[in-house]
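1. Sequence and computational prediction follow.
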Amino acid sequence: MQKITVIAVGSDKEKYFTEAAKEYEKRLSRYAKVQVIILKDEPIPDDPSEKEAAAVLEKEGQKILAAMPDGCLKVALCVEGKQLSSPELAKMLENAALTYPGIVFIIGGSLGIDKKIKDMCDVRLSFSKLTFPHRLMRVILMEAIYRAKTIERGEKYHK
């Protein structure tokens with residue numbers, strides 16, 4: 001069974017986002033061993049300078065690095081990443097399972113993901129040119145992975 005880890009920076013304030021993500025995590029448990037790691041975001045000053053923003057990203061990057069499992073395919077979710085269709089995501093997951101002990105998806109905080117973390121990732125993935133709150137992005141990611149797994153298995157969820 002494939003191991004899928006989701007690392008997300010930020011708090012879980014809205015219960016409805018948490019419940020939706022948990023629902024997809026439950027559905028996914030038939031296809032993969034899923035671990036969701038929520039990391040506390042760093043405080044950001046109002047209107048941060050470039051230096052302050054870089055310091056926040058670096059601190060969050062250190063937390064991401066410490067939480068990242070070894071040997072996995074590393075995927076950074078970022079706006080400049082490649083966009084995939086659901087069948088293409090299914091193929092990426094299927095190929096990753098042949099080569100890696102697991103796959104880790106990284107969702108950054110409100111300032112994104114530190115460049116050092118992005119540079120160490122194997123894939124940069126974008127779901128849209130739009131920016132989403134990390135809590136909503138986690139739900140979207142979990143649904144997309146669930147859909148990809150049903151495609152991989154030839155099930156009828158994907159239409």
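-> Everything's here; your move.

2. ok, then the element right after the helix or strand hosting residue 60?
-> Assigned by DSSP states H and E, residue 60 belongs to helix 50-67. For helix 50-67, the following helix or strand on the C-terminal side (DSSP H and E) is strand 73-82.

3. partners of that next one, with directions?
-> strand 102-107 (parallel), strand 123-125 (parallel) (DSSP bridges).

4. Tell me which of those strands is the most buried.
-> strand 102-107 (a mean of 24; mean count of other Cβ atoms under 10 Å). No exception for glycine: its C-beta is placed from N, CA and C like everyone else's.

5. Summarise which helices and strands the following helix or strand past that strand is packed against.
-> Later in the chain than strand 102-107, the nearest helix or strand by DSSP H and E is helix 115-120. Packing partners of helix 115-120 (3 or more Cβ pairs under 8 Å, 6 or more residues apart in numbering; DSSP states H and E): helix 50-67, strand 73-82.

6. Per-residue pLDDT of residue 10, please?
-> Note on residue 10: pLDDT of 88.

7. so how far is residue 154 from residue 34?
-> To residue 154, residue 34 is 21 Å away according to Cβ to Cβ, to the nearest Å.

8. Compare neighbour counts for those two and give me the winner.
-> More crowded of residue 34 and residue 154, by other Cβ atoms under 10 Å: residue 34, with 20 against 7.

9. In contact with the more buried one: list those residues for me.
-> Residue 34 sits next to 4-6, 25, 28 when contact means Cβ atoms under 8 Å, 6 or more residues apart in numbering.

10. Tell me the secondary structure at it.
-> Following DSSP: H, G, I helix; E, B strand; the rest coil, residue 34 is assigned to strand.
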